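> 3D model of this:
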Amino acid sequence: MLYLVRHGQSVWNVQQRTQGQTVHPALTELGRRQAGAAAGAVAADLERAGLVATLLLCSDLVRAVQTAQIVGARLSLAPRQDRRLREQALGRLEGMDNIAARAAVADVDWSDPEVAIGGGESARQVFDRMADVLGPITGMNAIVVSHGDAIRYALGWLAGHHAADCPWHNIGPGAVFAVGADAPARLLD
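Residues are numbered from 1 along each chain as shown. Take a look at the predicted model:
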């Protein structure tokens, strides 16, 4: 079973600032509680299935590392950081408030997987690096702590989609998706 966990709420989520690959935004107290709830959801699902997780990977951005530390403490796993699990790089948009960032790229075709948003990274680049991480661990009982857009592309890759046709998932802070070998992804409560 593969679990994809989005980091808990960060300070920049509250401030409504565009994070992208900005390293330093940390979890809020609510974000820590969301990480704890995510850890509990993963632990309960593993127990129901009679499984034990053997690997915990996370993005190297502070909000994901902090989330993974909370998950790891609950499951007795040491998180391993992998920068390929970072959020989509958003170039000049990072640090801007969300409204200004959206206005700055209002003319961008977000459906084009080759467009580097804000001069950062394209959807295809995120899709490809998520596939690079997930390919070798598919079939393992593993937990991956990452970010909203990165998880959306991971879910698309796991379901056999291409970067251009990944379904849209609204992935809230602390959300957990469980993906089995022959089952569609399911959102854990």
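> residue ranges with poor pLDDT in this protein?
Along the chain, segments meeting pLDDT under 70 are nowhere present.
> one more time with 80, if that's ok
Across the chain, the ranges flagged by pLDDT under 80 are 182-183, 189.
> what residue of it is the furthest out?
Residue distances from the centre of the chain (C-alpha atoms, centre = their mean) peak at Asp107, which lies 26.1 Å from the mean C-alpha position.
> Can you classify that one as helix, strand or coil?
When the structure is reduced to helix, strand and coil (DSSP: H, G, I helix; E, B strand; the rest coil), Asp107 reads as coil.
> Please report how far it lies from Ile117.
Counting by C-beta to C-beta, to the nearest Å, the separation of Asp107 from Ile117 is 12 Å. (Each C-beta comes from the backbone N, C-alpha and C, glycine too.)
> if I look at these two, which residues touch both of them?
The overlap between the contact sets of Asp107 and Ile117 (C-beta atoms under 8 Å, 6 or more residues apart in numbering) is empty.
> Can you list the residue ranges for strands in this protein?
For the chain, strands defined by DSSP state E occupy the ranges 2-6, 55-58, 80-81, 142-146, 176-179, 186-188.
> gap between Gly50 and Gly180?
Here the criterion is C-beta to C-beta. By it, Gly50 lies 13 Å from Gly180.
> who's more crowded, the two?
Neighbours around Gly50 and Gly180, counted as other C-beta atoms under 10 Å, are more numerous at Gly180. The numbers are 12 against 6.
> I figured that one was touching Met1, is that so?
Yes - the pair Gly180 / Met1 is scored as a contact, 5.6 Å apart, by C-beta atoms under 8 Å.
> List the buried residues in the longest helix seen in the chain.
In the chain, ranked by residue count with DSSP state H as the criterion, the top helix is helix 29-49. Residues of helix 29-49 classed as buried: Gly31, Arg32, Gln34, Ala35, Gly36, Ala37, Ala38, Ala39, Ala41, Val42, Asp45, Leu46 (neighbour count, 16 or more other C-beta atoms under 10 Å).
> next one: stretch 155-168
Neighbour counts using 16+ other C-beta under 10 Å place Leu155, Gly156, Trp157, Leu158, Ala163, Cys166 of stretch 155-168 among the buried residues.
> Next, format these as a markdown table and append distance to Thr54.
Supplementary listing: these in a markdown table, determined by distance: C-beta to C-beta, whole Å:
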| residue | distance to Thr54 |
| --- | --- |
| Leu155 | 22 |
| Gly156 | 25 |
| Trp157 | 21 |
| Leu158 | 18 |
| Ala163 | 29 |
| Cys166 | 28 |
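> Would you point out the most distant pair within those residues?
The largest distance within the buried residues of stretch 155-168, taken as C-beta to C-beta, falls between Leu158 and Ala163 and amounts to 13.1 Å.
> Alright, that wraps it up for me.
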